[in-house]
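Enquirer: Just need the structure, nothing else, for what follows:
(2 chains)
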Amino acid sequence: DTGVSQDPRHKITKRGQNVTFRCDPISEHNRLYWYRQTLGQGPEFLTYFQNEAQLEKSRLLSDRFSAERPKGSFSTLEIQRTEQGDSAMYLCASSSPGRETQYFGPGTRLLVL
Amino acid sequence: SQQGEEDPQALSIQEGENATMNCSYKTSINNLQWYRQNSGRGLVHLILIRSNEREKHSGRLRVTLDTSKKSSSLLITASRAADTASYFCATDSHGAFGKGTLLTVNP
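Expert: Numbers count the residues shown, from 1 in each chain, chains lettered A, B, ... in the order given. Below you'll find the predicted structure:
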């Protein structure tokens, strides 16, 4: 069990560019979650997958955001045409079948200039 | 929108003292979880309490849940400097986290 990993850990981009983040969950965890966290706030739910199916998306997930989990293993979160307001920590978590406990990755810190 | 709301926003105590933080939520839940976040280790799950439980213990942690008041409390006994972190409550499987309580334990 190597834990949830995220890549990259840090990303600096210019406004208008596209960025993609990757999350590798704990193996055999069928649920995968994406959150966004800004300074002084708790994590805000973005979306979650059960296996390869995206089951829920938050209203925070505008049409510039897209997430995939094509084979039910790793997931990617893409932000198109980034805006300065997208600057945040993007957290990924996973959980095992039938269990509510989420295991979080270290996050990807995004800075949009 | 955020479901859980922690209180106080910040708490500063001396090592060895007990720390109590509270969480209120708005809608019916199946379970409530407490997490800790510090800069070194990210967000870590501490304890889960189900809606049919009133109290749960794990080491130096004690969690209570009052579904009639839609509130929960987290008690950390005999605090240590290493307990310095932000503590969040979250409801159900992918809810909603509050803004957290920033706990500082002074050596």
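
Enquirer: Count the neighbours of the residue lying closest to A:Lys71 once chain neighbours are set aside for me.
Expert: Distance criterion Cβ to Cβ, 6 or more residues apart in numbering or on different chains; nearest residue to A:Lys71, sequence neighbours excluded, is A:Glu52 at 6.4 Å. All C-beta atoms are positioned from the backbone trio N, CA, C, and that covers glycine. Burial of A:Glu52 is recorded as 14 neighbouring residues (other Cβ atoms under 10 Å in any protein chain shown).

Enquirer: show me what contacts A:Glu52?
Expert: A:Glu52 makes contact with A:Arg69, A:Pro70, A:Lys71, A:Gly72 under the criterion Cβ atoms under 8 Å, 6 or more residues apart in numbering or on different chains.

Enquirer: out of those, who has the most neighbours?
Expert: Counting neighbours by other Cβ under 10 Å, A:Arg69 leads those with 22 neighbours.

Enquirer: quick one: that one and A:Thr47 touch, right?
Expert: No: counting by Cβ atoms under 8 Å, A:Arg69 does not reach A:Thr47; the two are 9.7 Å apart.

Enquirer: which residues are common contacts for those two?
Expert: The contact sets of A:Arg69 and A:Thr47 overlap at A:Gln54 (Cβ under 8 Å, 6+ apart).

Enquirer: from the middle of its chain, how far away would stretch A:26-45 be?
Expert: Between the centre of stretch A:26-45 and the centre of its chain there are 6 Å (Cα atoms, centre = their mean, to the nearest Å).

Enquirer: near chain A, which residues of chain B?
Expert: If contacts are counted using Cβ under 8 Å from any Cβ of the partner chain, the residues of chain B sitting beside chain A are B:2, B:4, B:30-31, B:33, B:42-45, B:48, B:88, B:90, B:92-100.

Enquirer: so what secondary structure elements neighbour the helix or strand harbouring B:Val63?
Expert: Secondary structure from DSSP states H and E places B:Val63 in strand B:61-66. Packing contacts for strand B:61-66, counted by 3 or more Cβ pairs under 8 Å, 6 or more residues apart in numbering or on different chains; DSSP states H and E, involve strand B:31-38, strand B:42-50, strand B:55-58, strand B:71-76.

Enquirer: partner strands of it, parallel or antiparallel?
Expert: Taking DSSP bridges as the criterion, strand B:61-66 sits next to strand B:55-58 (antiparallel), strand B:71-76 (antiparallel) in its sheet.

Enquirer: which residues touch the helix or strand following the longest one?
Expert: Downstream of strand B:71-76, the first helix or strand assigned by DSSP H and E is strand B:85-91. By Cβ under 8 Å, 6+ apart, the list of residues contacting strand B:85-91 from outside reads A:42-43, B:3-4, B:6, B:21, B:23, B:25, B:27, B:29, B:31-38, B:43, B:46, B:72, B:74, B:96-103.

Enquirer: closest one to A:Asp86 among the strands paired with strand B:61-66?
Expert: strand B:71-76 (31.9 Å; Cβ to Cβ).

Enquirer: Figure out how far the strand holding B:Val63 is from the centre of its chain.
Expert: For strand B:61-66, the distance to the chain centre is 9 Å (Cα atoms, centre = their mean).

Enquirer: Stretch B:63-82 now?
Expert: If you compare the mean C-alpha spot of stretch B:63-82 with that of the full chain, they lie 6 Å apart, counting by Cα atoms, centre = their mean.
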